[in-house]
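# Sequence and predicted structure are below.
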Amino acid sequence: MLETDKVFSGSVPENYDRYMVPLIFEAYAADFARRAASLSPGTVLEIAAGTGVVTRALAPKLAPGAGYTVTDLNQPMLDYAASRQGPDSRITWGHADAMALPFENAVFDLVCCQFGAMFFPDRSAAYREAKRVLKPGGHFLFSVWDRIEDNVFADDVTNALARIFPDDPPRFLARTPHGYYDKALIRSDLDKAGFADAVIETRAEQSRASSPRIPAVAYCQGTLLRNEIEAREAGKLETATEYVVSAIADRHGHGEVSAKIQAHVIVAMV
């Protein structure tokens with residue numbers, strides 16, 4: 001992962017929430033919130049909350065007296081998440097680095113993180129931090145995307161852009177969001193952090209959109225792939241996006257489109 005793979009700023013948060021969230025995150029967020037709520041946590045820490053899709057799904061399911069601390073490394077993403085959330089005295093918003101959480105030991109019943117672990121520079125260190133702030137018997141619930149070949153629109157976008165930039169293909173999607181899928185490696189990283197007997201479930205969903213334009217704009221302009229496109233040729237973002245629209249339409253049709261997405265959902269207990 002490159003350092004630039006962690007900086008969500010400018011118009012990326014808004015486009016991410018407008019396009020990416022309904023395209024690939026909402027279905028997993030609903031399932032994720034159900035799993036989290038089933039643990040009946042009194043105190044919850046969410047890491048890498050992004051634009052708040054899990055927060056919006058989980059908050060209504062928590063007990064009236066629960067405490068919910070929502071954090072992200074990227075302040076623009078966190079600000080956008082807070083702006084989308086209705087008033088809720090149980091929620092505390094805060095900037096936090098998963099590698100050095102600003103909390104005391106053993107204060108949370110649940111630490112959760114949907115699709116953020118792929119961005120951690122040192123996953124075992126981040127997992128140790130999660131374990132440190134968990135109470136005895138607490139749970140660490142997180143998810144990561146499976147390999148890019150099992151996430152069809154992401155693979156389509158990556159392959160299309162490789163045809164536009166054959167000498168230097170933008171590889172952000174394969175490198176980072178879909179670069180941490182090996183279950184043996186995930187278990188090893190958790191073992192190093194002191195978590196034992198983690199349960200990993202692979203879950204497939206369908207990514208659906210009203211037209212090929214939605215996934216094209218979502219990935220090209222709502223993720224850090226945008227930075228890679230613009231870095232390769234100034235002013236080519238719209239041209240590249242249109243090419244991706246055509247590539248997706250050629251494969252999936254010009255009307256409503258759908259394709260497989262797949263992720264791993266992991267739960268570990270202290």
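Great, that's in hand. No experiment lies behind these values; they were computed from the predicted model shown. Residues are numbered from 1 along each chain as shown.
# could you pull out the strands for the stretch 101-250 of the chain?
Per DSSP state E, counting those that start in this stretch, the stretch 101-250 of the chain carries strands over the ranges 108-114, 134-145, 196-209.
# count of residues packed around the closest residue to Cys112 other than its chain neighbours?
With sequence-adjacent residues excluded and distances taken as CB to CB, 6 or more residues apart in numbering, Cys112 is closest to Leu141, at 4.5 Å. Where C-beta positions appear, they are placed from N, C-alpha and C, glycine not excepted. Per other CB atoms under 10 Å, the neighbour tally for Leu141 reads 22.
# Tell me how far Leu141 lies from Asn159.
33 Å (CB to CB, to the nearest Å).
# low pLDDT regions in the protein?
Counting by pLDDT under 70, the low-confidence segments of the chain come to 1-12.
# mind running it again at 90?
Counting by pLDDT under 90, the ranges of the chain that qualify are 1-18, 76-77, 86, 196-197, 222-224, 233-234.
# which helix is the longest one in it?
Longest helix in the chain by number of residues (criterion: DSSP state H): helix 237-252.
# Can you tell me which helices and strands the following helix or strand past that one packs against?
Once helix 237-252 ends, the next helix or strand along the chain (criterion: DSSP states H and E) is strand 257-269. Helices and strands touching strand 257-269, by 3 or more CB pairs under 8 Å, 6 or more residues apart in numbering; DSSP states H and E, are helix 26-38, strand 134-145, helix 152-164, helix 183-193, strand 196-209, helix 213-221, helix 237-252.
# angle of the first one against strand 134-145?
Right, helix 26-38. Compare the direction of helix 26-38 with that of strand 134-145 by axes from the mean of the first three to the mean of the last three CA atoms, to 10 degrees and you get 160 degrees.
# As PDB, could you dump the C-alpha coordinates of helix 26-38?
Extracted in PDB, the C-alpha atoms of helix 26-38 (Å, rounded to 0.1, in the frame of the first residue of the first chain):
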ATOM      1  CA  GLU A  26     -24.900  -1.000   2.200                       C
ATOM      2  CA  ALA A  27     -25.700  -4.700   1.900                       C
ATOM      3  CA  TYR A  28     -22.600  -5.600   4.000                       C
ATOM      4  CA  ALA A  29     -23.300  -2.800   6.500                       C
ATOM      5  CA  ALA A  30     -26.800  -4.200   7.200                       C
ATOM      6  CA  ASP A  31     -25.300  -7.700   7.900                       C
ATOM      7  CA  PHE A  32     -22.400  -6.200   9.900                       C
ATOM      8  CA  ALA A  33     -24.800  -4.200  12.100                       C
ATOM      9  CA  ARG A  34     -26.900  -7.200  12.800                       C
ATOM     10  CA  ARG A  35     -23.800  -9.200  13.800                       C
ATOM     11  CA  ALA A  36     -22.600  -6.400  16.000                       C
ATOM     12  CA  ALA A  37     -25.900  -5.800  17.700                       C
ATOM     13  CA  SER A  38     -26.300  -9.600  18.400                       C
END
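# Contacts for that helix next, please.
Around helix 26-38, the neighbours that count as contacts under CB atoms under 8 Å, 6 or more residues apart in numbering are 44, 53-54, 56-58, 61-62, 110, 112, 114-115, 141, 143, 203, 205-206, 263, 265, 267.
# which among the residues you listed end up buried?
44, 53-54, 56-58, 62, 110, 112, 114-115, 141, 143, 263, 265, 267 (16 or more other CB atoms under 10 Å).
# farthest-separated two in those?
Using CB to CB, the pair of these lying farthest apart is Leu62 and Ala263, separated by 22.9 Å.
# which residues does Leu39 contact?
Applying CB under 8 Å, 6+ apart, the residues contacting Leu39 are Asp109, Leu110, His139, Leu141.
# just to revisit the earlier point, out of the helices and strands packed on strand 257-269, flag the one nearest Pro13.
When these are compared by CB to CB, helix 213-221 sits nearest Pro13, at 11.6 Å.
# tell me what that closest one is packed against?
Using 3+ CB pairs under 8 Å, 6+ apart, helix 213-221 is in contact with helix 12-15, helix 152-164, strand 196-209, helix 225-232, helix 237-252, strand 257-269.
# And the ones you listed: which comes nearest Leu173?
Comparison of the helices and strands packed on helix 213-221 against Leu173 by CB to CB identifies helix 152-164 as nearest, at 4.8 Å.
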